[in-house]
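1. Just the structure for this:
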Amino acid sequence: MTEPPLRDVDFVVSDHAHGARLDRALRDAAPGSAWSRVRRAIETGKVRVDELPVTDPGAVVSAGQRVELRLAAPRTRATPRIGCEIVFADRDLVVVNKPPLLSTVPFEPSEQGTLVDLVRRELSRRDSRSQPPLGVVHRLDKETSGLVMFARSVPAKRHLKQQLRFHSVHRRYLALVHGDLEGRTFRSRLVEDRGDGLRGSTDNPTLGQPAITHVSVLTRGSGVTLVECRLETGRTHQIRIHLSEAGHPLVGERVYVRGWDGTRVEAPRLMLHAKELGFVHPRTEEQVRFEVDVPDDMAAVVARMT
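-> Residues are numbered from 1 along each chain as shown. Next comes the predicted model:
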């Protein structure tokens, strides 16, 4: 069944919806619309609450507030002027250290200044080509920092994608989570909608895709644990879902926090960093591995809490 398209909405928050998240209230006003479309509309400045733009899907609304969704509204957030660090580049691929709060690829055709735009611009400056070829191999969430690889040819992209498909790419993340977490391996099957509009695990062995995350503890602090997560598979939001479902949501998490009522540690964004990336080079067949430190914002939170 085809989901109905998202349309303009104008409503006043009811007493029943008082205290709800903005994305929940908006989806209730536009029943059947995909959660991803609702959240994207909010994040790209299409939604106003009492005539002021709100770009956080997790913002809480109050009874009596007026919520407006205008799909034709221009983006209200200026594209950040952020540079990108190219860790490695040759004729086959490029590895980049993505800063936090930067989309890997555009969410909509009009969005500019994403990581792929910045990498193309830097490669063009280096080799004087106006539009150097660049293929997206994998992505990081907007708030996640760290290593991302792009292919510079079709054969290289095919080779790297195949390694991801066979789970032979080495990916290690640093994550700061709430609570006192013990090291373990998480195994589940992830579905796009676990019943509440969010991705999550299912007990049905015929649904979803297998997801495996190996977690080890690095250090403990005041109400938090710094862990290392090694991905055996790479499903969307895999680390966030596994840790949240175990009762230890990431510090800075705003989506996968349902059912958790502990004290939230304040952070400027999701405390997740793609620290290590390793794979077989598509042309030389040599094993290569890269590592980058956590950015200053995450380092500051870790230092404060541990």
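2. quick one: strands adjacent to the lowest-mean-pLDDT helix or strand in the chain?
-> Within the chain, no helix or strand scores below strand 52-53, which has a mean of 75 by mean pLDDT, DSSP states H and E. Note on strand 52-53: by DSSP bridges, its sheet partners are strand 47-49 (antiparallel).
3. Would you mark the buried spots in the strand it pairs with?
-> Val47, Arg48, Val49 (16 or more other CB atoms under 10 Å). Bear in mind the C-beta positions are built from the backbone N, C-alpha and C, glycine included.
4. would CSV of those residues with pLDDT and distance to Val67 be doable?
-> Shown next, in CSV, are those (pLDDT from 0 to 100; distance: CB to CB, whole Å):
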residue, pLDDT, distance to Val67
Val47, 90, 7
Arg48, 87, 7
Val49, 83, 6
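5. wait, which of the residues you listed is closest to Ala175?
-> Nearest to Ala175 among these is Val47, at 29.5 Å by CB to CB.
6. Name the nearest residue to the closest one, ignoring sequence neighbours.
-> Leu69 (5.2 Å; CB to CB, 6 or more residues apart in numbering).
7. Next: Arg48.
-> Glu68 (4.7 Å).
8. same question, Asp15
-> Ala63 (4.7 Å).
9. So what's the residue count around the residue nearest to Arg48?
-> 17 (other CB atoms under 10 Å).
10. Would you confirm that it contacts Gly45?
-> No. Using CB atoms under 8 Å, Glu68 makes no contact with Gly45, being 11.8 Å away.
11. where does Ser130 land on pLDDT?
-> Per-residue pLDDT puts Ser130 at 54.
12. meant to ask about Asp56, not that
-> Confidence score, pLDDT, at Asp56: 75.
13. separation between it and Leu22?
-> Counting by CB to CB, to the nearest Å, the gap from Asp56 to Leu22 is 7 Å.
14. overlap in contacts of these two?
-> Taking CB atoms under 8 Å, 6 or more residues apart in numbering as the contact rule, Asp56 and Leu22 both touch Ile42.
15. Comparing these two, which shows the higher neighbour count?
-> The neighbour comparison of Asp56 against Leu22 (other CB under 10 Å) goes to Leu22, with 23 against 14.
16. so how many other residues sit close to the residue nearest to the more buried one when sequence neighbours are not counted?
-> On the basis of CB to CB, 6+ apart, the spatially nearest residue to Leu22 that is not a chain neighbour turns out to be Ala59, at 4.5 Å. Using other CB under 10 Å, Ala59 has 15 neighbouring residues.
17. how close does Ala59 sit to Asp293?
-> Using CB to CB, we find Ala59 at a distance of 32 Å from Asp293.
18. Also Ala299?
-> Applying CB to CB to Ala299 and Asp293 gives a distance of 8 Å.
19. Val302 too?
-> 11 Å.
20. higher neighbour count, these two?
-> For Val302 versus Asp293, neighbours defined as other CB under 10 Å are more numerous around Val302 (21 against 13).
21. got a list of what the more buried one touches?
-> Applying CB under 8 Å, 6+ apart, the residues near Val302 are Leu176, Gly221, Leu226, Met271, Val294.
22. Using CSV, write out the CA atom coordinates for the helix or strand hosting it.
-> Element membership for Val302 (DSSP states H and E) is helix 296-305. The C-alpha trace of helix 296-305 is given here as CSV (Å, rounded to 0.1, in the frame of the first residue of the first chain):
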residue,chain,number,x,y,z
ASP,A,296,36.8,18.6,20.4
ASP,A,297,33.1,18.7,21.3
MET,A,298,33.0,15.0,22.1
ALA,A,299,36.4,15.1,23.8
ALA,A,300,35.1,17.8,26.1
VAL,A,301,32.0,15.9,27.1
VAL,A,302,34.0,12.7,27.7
ALA,A,303,36.5,14.6,29.8
ARG,A,304,33.8,16.2,31.9
MET,A,305,32.0,13.0,32.6
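23. ok now it, how far from the chain's centre?
-> 19 Å (CA atoms, centre = their mean, to the nearest Å).
24. Also stretch 271-284?
-> 17 Å.
25. Strands along the stretch 1-150 of the chain, start to end?
-> 9-12, 47-49, 52-53, 66-69, 85-89, 93-98, 135-136, 145-151 (DSSP state E, counting those that start in this stretch).
26. gap between Lys157 and His138?
-> Counting by CB to CB - Lys157 and His138 are separated by 11 Å.
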